[in-house]
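> I need the structure of the sequence given here:
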Amino acid sequence: MARQEQDREDLLREATALVQRVEFRLSDQSDSIVIGFRRDGSGSMFVGSDPVFQFNKQNELRRGFLNGKLIKAENGRLFELTRVRTANEVQLRRRELNPTETLKYTELFCDKARQILAAIAQDEFTIVGQVPENVNIAASAARWLAIITAGDIQVADRANL
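Coordinates of the predicted model:
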């Protein structure tokens, strides 16, 4: 693990694993939002640099970030990993989120997703940029968000794809 974290400032340019990605800004918010998709169709949403929500191709929550801490799925449960720096190393301390904390994290995603869907429906957003340029990724993002928020969010069995 790197000793220094990088701020996730230019996801549009640097998030090349997301082969389709769009950055947009809602009219009433200062943070930009990036939604992107990997080759297998799995989606991710970045609200500014934090929070982050990443899903697998079955639309199960697999990992993310909240308040500077990594959140990862294991066996259908979420765990928080906290970085602890010593003089010689960076350690990760692991703690399982209780059901209330898990619900709050998934509800945060749903709240953000619904704000985005409302802004798209009311044309109250600006596309900052997208890759590739010739695809309507905002429409794909809206379809994806609508699918995930239609039911309860399931937690993946593992954080990796």
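> Averaged pLDDT, stretch 122-135. What do you get?
Across stretch 122-135, pLDDT averages out at 93.
> What residues are recorded as beta-bridge partners of F24?
I33, I127 (DSSP bridges).
> mind listing the strands in this protein by residue range?
With DSSP state E, the ranges of strands along the chain come out as 20-26, 32-37, 43-47, 52-55, 61-66, 69-74, 77-85, 90-96, 125-131.
> Make TSV from those and add mean neighbour count to it.
Where you see a C-beta, it was placed from the backbone N, CA and C, and this is true even at glycine. Below are the strands of the chain laid out as TSV (neighbours: other C-beta atoms under 10 Å):
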stretch	mean neighbour count
strand 20-26	21
strand 32-37	24
strand 43-47	22
strand 52-55	24
strand 61-66	22
strand 69-74	20
strand 77-85	16
strand 90-96	12
strand 125-131	15
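> what would those strands look like in TSV with distance to T102?
Shown next, in TSV, are the strands of the chain (distance: least, C-beta to C-beta, whole Å):
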stretch	distance to T102
strand 20-26	26
strand 32-37	22
strand 43-47	17
strand 52-55	13
strand 61-66	9
strand 69-74	9
strand 77-85	5
strand 90-96	9
strand 125-131	29
